[in-house]
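**Student:** Everything below, folded, please.
(one chain, ligands or ions: 1)
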Amino acid sequence: MRAVDIIIKKRDGFELTKEEIQFFIEGFTNGTIDNYQASALTMAIYFQGMTDQEATYLTESILHSGDILDLSAIKGIKVDKHSTGGVGDKTSLVVGPLVGSLGIKFAKMSGRGLGHTGGTLDKLEAIPGYDINMSEDNFIKQVNEIGIALVGQTGELAPADKKLYALRDVTGTVESIPLIASSIMSKKLASGADAICLDVKVGSGAFMKNEASATKLATLMVNIGKNCGKDMTAILTNMDEPLGLAVGNSLEVIEAIETLNGRGPKDFTELCLEVAAHLVLAAKLAHTVEEAKVLLQKQIDNKEGLNTLAKLVKAQGGDSDYIYHPERFKKAAYTFEVKALEDGYVGHIDALAIGNAAMMLGAGRKKIGDAVDHSVGIVLAKKVNDKICKGDVLAVLHANQSDVEETSNLVRNAYQISKTLVDSKLILKIIK
Ligand code: URA
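**Tutor:** Model prediction:
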C-alpha cells in the first residue's frame, strides 16, 4: 500500500477502506508517512467528505493510536458529556455533580481552554487546591466511591489526533465535518464511558455557524458512537449569545454553585437539566426526559448536587468550603460597567467577541502554555430579548488592570440592539 494512492483515491472522491485508513493513520503516527502527505489527505477529505463508515474507521484508527481507558472496574453505567466549545459553558460543573448525586458514575476527562473558549480544567483550578492530575487507578477508585471524578487526561489518549489536529490547524482543514467528528469521538471513546451526551453548539461563537451543518456533525458523531456500541445523544444548542451570565474561571465556578443552589441563570439551568436528563435516561433511572428532570430538580432542591460538588472538590485536594462560601473566591482588583448607548432590546450577543474580551482580560490563553488569571472575566447584565434603555449596564468587567477601554468597546459592540423582540431558543434539536 502507498500513501500517495490513498490520497489520490480520496482526491478523486472514492470511498477508502478500513485497511487504507488504518495504514495511513498508523504510518502518520509512527512517522513513516510525512506531514505533507497527511496534509494532502486532510485537504482531500475536506473537499470530498467521508461516508459514515469511513468516518467510523478513521475514528477507530485514531482511537487505537493510544491508550483506551478500561473503566470496567467501575460498577454500573459510566456516563460522559462533551461540548463542542462555547463561551460561558460551565455545564460539566453542574451536570456531573447532579447525575453523580443520583449514583450515576460520571467519569470525565476534560481539557484546558484555548482562544475564546474556556476549559473545564482551568475553571476547576480556580478552586484553591483542586488537583486535576490523577492516576488511572485513583480515577476509578474515586468514581466508585463518590460517583464522580473530573480530571485532566491520564495516559496518552488518541496521540494521532493531537498530531493531526496540529497539522489541520495550520493547513486550513479544521472545519471539516468528518475530521471534527473523528477527532472528538476518538477522544471520547478512549475515555471509556458507556453513554455520552454531546452538546453541539450552533452560532457565531461556535465551530458550526448554522443548524444544518451542526445537524450533520451531530448526526455523524452519534452514528460513530453507536457503531462503536455506545448509548449516544446529541443536543444542538444556540451559541448566539454566551451561556449563562458569567464568563471567566472563578466567576463561572460561582455561577455553577449558584445553579446547584437553584439560583442559576434560566438558559444555563435549562441546558444543564437537559444534558443531565439524557444521562439519567441512559442510566435507566427514568423513562422520559420530563421524569428525569423532576429527579434532577429534586437534587437541586435538597442540595445533594451541591454536596456532591463539594465531595468532588475535597476528593481532589481542593478546599470544599469555597463551594458553600463562594464569596471566598479571590476577586479581581477592579470592576468596570459597560453601558448601553441606545434604547431597544438585546437582539444578539456575539459570543466570540465576549470570549475574546474575557481572554484580553487574562481569563483565557492565546497560545498553549500561557497562564490564566482565575479572578478576571465578564458578567453579563443583559441577555437576548432583555429591554434596555440608554445608560443601562450591559455587562460588568472584572479586571486586574485599570485600562480596559479596548475590552469595554469590544463588549459593547458585541451587543446588537434590536427595536423589536427576536426569535430565540436555546435547545434547537435532539439527535439520538
Ligand atoms: N474539537 C476537537 O477536539 N477536534 C476538532 O477537530 C474540533 C474541535
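
**Student:** Return the distance of the spatially most central residue of the chain relative to the ligand.
**Tutor:** By CA atoms, centre = their mean, the chain has its centre lying nearest to S83, at 3.0 Å. Relative to the ligand, S83 is positioned 10 Å away (CB to the nearest ligand atom, to the nearest Å). (Glycine included, C-beta is placed from N, CA and C.)

**Student:** Next secondary structure element downstream of the helix or strand hosting T237?
**Tutor:** Assignment of secondary structure by DSSP states H and E places T237 within strand 231-238. Downstream of strand 231-238, the next assigned helix or strand under DSSP H and E is strand 246-247.

**Student:** for the strand holding T237, what is the average pLDDT?
**Tutor:** Averaged over strand 231-238, pLDDT sits at 96.

**Student:** For that strand, which strands pair with it and how are they oriented?
**Tutor:** Paired with strand 231-238 in the same sheet, following DSSP bridges, are strand 195-202 (parallel), strand 427-431 (antiparallel).

**Student:** and the ligand, which of those strands is closest to it?
**Tutor:** strand 195-202 (10.5 Å; CB to the nearest ligand atom).

**Student:** how far is that closest one from where the chain is centred?
**Tutor:** Centroid separation for strand 195-202 versus its chain: 8 Å, with CA atoms, centre = their mean, to the nearest Å.

**Student:** Could you do stretch 236-254 as well?
**Tutor:** With CA atoms, centre = their mean, you get 11 Å for stretch 236-254.

**Student:** Start and end of it, how far apart?
**Tutor:** One end of stretch 236-254 sits 25 Å from the other (CA to CA, to the nearest Å).

**Student:** That stretch close to the ligand?
**Tutor:** No. Stretch 236-254 does not reach the ligand (CB under 6 Å from any ligand atom); its nearest approach is 13.6 Å.

**Student:** Tell me which residues of that stretch come out buried.
**Tutor:** By 16 or more other CB atoms under 10 Å, the buried positions in stretch 236-254 come out as 236-254.

**Student:** Cross-check the contact I'm expecting between I184 and T84.
**Tutor:** Yes. Taking contacts as CB atoms under 8 Å, I184 lies within contact range of T84: 7.1 Å.

**Student:** quick one: the helix or strand encompassing I180 to chain centroid distance?
**Tutor:** Element membership for I180 (DSSP H and E) is helix 177-190. Offset of helix 177-190 from its chain centre (CA atoms, centre = their mean): 13 Å.

**Student:** sorry, back to before: overlap in contacts of I184 and T84?
**Tutor:** L198 (CB atoms under 8 Å, 6 or more residues apart in numbering).

**Student:** quick one: the strand or helix carrying K141 to chain centroid distance?
**Tutor:** Per DSSP H and E: K141 is located in helix 136-146. Put simply, helix 136-146 sits 23 Å off its chain's centre (CA atoms, centre = their mean).

**Student:** helices or strands up against it?
**Tutor:** strand 105-109, strand 148-151, helix 304-315 (3 or more CB pairs under 8 Å, 6 or more residues apart in numbering; DSSP states H and E).

**Student:** Figure out which of these is closest to the ligand.
**Tutor:** Across the helices and strands packed on helix 136-146, closest to the ligand is strand 105-109 (CB to the nearest ligand atom), at 12.3 Å.

**Student:** and the closest one with the ligand, contact?
**Tutor:** No. Contact of strand 105-109 with the ligand (CB under 6 Å from any ligand atom) is absent, the minimum separation being 12.3 Å.

**Student:** Please export the C-alpha coordinates of the next helix or strand after that strand as PDB.
**Tutor:** Downstream of strand 105-109, the next assigned helix or strand under DSSP H and E is helix 120-124. The C-alpha coordinates for helix 120-124 follow below in PDB (Å, rounded to 0.1, in the frame of the first residue of the first chain):
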ATOM      1  CA  THR A 120     -13.200  22.900  32.500                       C
ATOM      2  CA  LEU A 121      -9.800  22.300  33.900                       C
ATOM      3  CA  ASP A 122      -9.000  26.000  34.200                       C
ATOM      4  CA  LYS A 123     -12.300  26.600  35.900                       C
ATOM      5  CA  LEU A 124     -11.700  23.700  38.400                       C
END
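
**Student:** which residues are contacting helix 120-124?
**Tutor:** Against helix 120-124 from outside (CB under 8 Å, 6+ apart): 90, 92-93, 110-113, 130, 132, 150, 152, 249-250, 252-253, 256, 316, 318, 364, 372, 374.

**Student:** Please pick the buried ones from the residues you listed.
**Tutor:** In the contacts of helix 120-124, the ones that pass as buried (16+ other CB under 10 Å) are 90, 92-93, 110, 112-113, 130, 132, 150, 152, 249-250, 252-253, 256, 316, 318, 364, 372, 374.
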